[in-house]
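In: I would like to see how this sequence folds:
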Amino acid sequence: MSILRGRRDTVALPTFGFMRTLGVAVLGLFLGLIAGTLLTSAVARPFVDGDGAGIPVGVALLLGMIMPVLGVAGAVAAVLIDRKSRKS
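Out: As a prediction, the model looks like this:
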């Protein structure tokens, strides 16, 4: 028992601030992915012809990148907004 008493203060546990930041980042990620899904479906509809033909390769690559980019942007924006609101 006496061995553990001396080492108890060396264990680093995550603080409440870290967990809050992580939760806000996950929330921002999900909101960004939802926004990316909505934007992708809204932008892709005009590119699809009436007969169901394919989308040009460049446009398809751009549409494929919208969701992950908006997901990361949402997470970053959420953390920045949270930090700014905590300071004031």
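In: Lowest mean pLDDT among the helices and strands of the protein, which one is it?
Out: helix 2-7 (a mean of 52; mean pLDDT, DSSP states H and E).
In: Which elements pack onto the next helix or strand after that one?
Out: Of the helices and strands lying after helix 2-7 in sequence (DSSP states H and E), the nearest is helix 16-47. Judged by 3 or more CB pairs under 8 Å, 6 or more residues apart in numbering; DSSP states H and E, helix 16-47 is in contact with helix 57-87. Heads up, the C-betas are built off the backbone N, CA and C, glycines and all.
In: Leaving out sequence neighbours, find the closest residue to Val48.
Out: Closest residue in space to Val48, ignoring its immediate chain neighbours: Ile55 at 6.4 Å, by CB to CB, 6 or more residues apart in numbering.
In: what sits against the residue lying closest to Ala78 once chain neighbours are set aside?
Out: The shortest distance from Ala78 to any non-neighbouring residue, by CB to CB, 6+ apart, is to Gly28 (2.6 Å). With contact set as CB atoms under 8 Å, 6 or more residues apart in numbering, Gly28 has these partners: Gly74, Ala75, Val76, Ala77, Ala78, Val79.
In: For the first one, which non-adjacent residue is spatially closest?
Out: Nearest in space to Gly74, with sequence neighbours left out and distances taken as CB to CB, 6+ apart, is Gly32 at 2.3 Å.
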